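Undergrad: my questions are about this predicted structure, shown below with the sequence.
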Amino acid sequence: MKQDPAPPSHALADLCALVDLPPRTVRYYVQIGLVDRPEGETRAARYGARQVEQLLLVKKWTAAGVSLDRIRELLQGAEAPVPPRPRAAGAIEVCSHLTVADGIELVIEPGRAGLSPEQVRRLARGVMALFAQITQADAGPQQQEG
């Protein structure tokens, strides 16, 4: 009977190069329980695919501004979308401003919303149609009363 090959394992230095994080950060994430403990201790410690996956998720979520407490919840299976990355000073965004009526403006950031130009146009047409429908429905009874 043929045995499966041993899963790949990495020393701390190799792991850090692979996930682009400093050793101190990796050790901290292990210490606070975000990342599974390695096999072995000190210099003999070996990290596998599971730790690589965990570190990459933690790195992605911290870059998106998610707290370490919330990351712990997400790693434990909590369902929730990751919030968008906070806007950085000097960031350039393209926005569409739809003036629906005096005092009503819709600001659409297609990149953050994940909308194509056609979807933005359809959304604008739908909002305008809905606003017309609402204002016409409210105007009808008032005209009949007067």
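TA: Yes, it's here. Residues are numbered from 1 along each chain as shown.

Undergrad: quick one: low-confidence parts of this structure?
TA: For the chain, applying pLDDT under 70 flags the ranges 1-8, 78-85, 140-146.

Undergrad: got the domain ranges for it?
TA: Listed by automatic domain parsing, the domain ranges of the chain are 12-75, 96-145.

Undergrad: can you list the ones you listed in TSV and add mean neighbour count and distance to residue 90?
TA: (Each C-beta comes from the backbone N, C-alpha and C, glycine too.) Output for the domains of the chain, formatted as TSV (neighbours: other C-beta atoms under 10 Å; distance: least, C-beta to C-beta, whole Å):
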stretch	mean neighbour count	distance to residue 90
domain 12-75	15	17
domain 96-145	11	16
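
Undergrad: show me the one of the ones you listed that comes nearest residue 87.
TA: The closest of those to residue 87 is domain 96-145. By C-beta to C-beta, the value is 9.2 Å.

Undergrad: now do the strands in this protein.
TA: Assigned by DSSP state E, the chain shows strands spanning 96-101, 104-108.

Undergrad: which stretch among the ones you listed comes nearest residue 115?
TA: Per C-beta to C-beta, nearest to residue 115 of these: strand 104-108, 7.0 Å.

Undergrad: does anything pack onto that closest one? Which helices or strands?
TA: On a contact count with 3 or more C-beta pairs under 8 Å, 6 or more residues apart in numbering; DSSP states H and E, strand 104-108 meets strand 96-101, helix 117-145.
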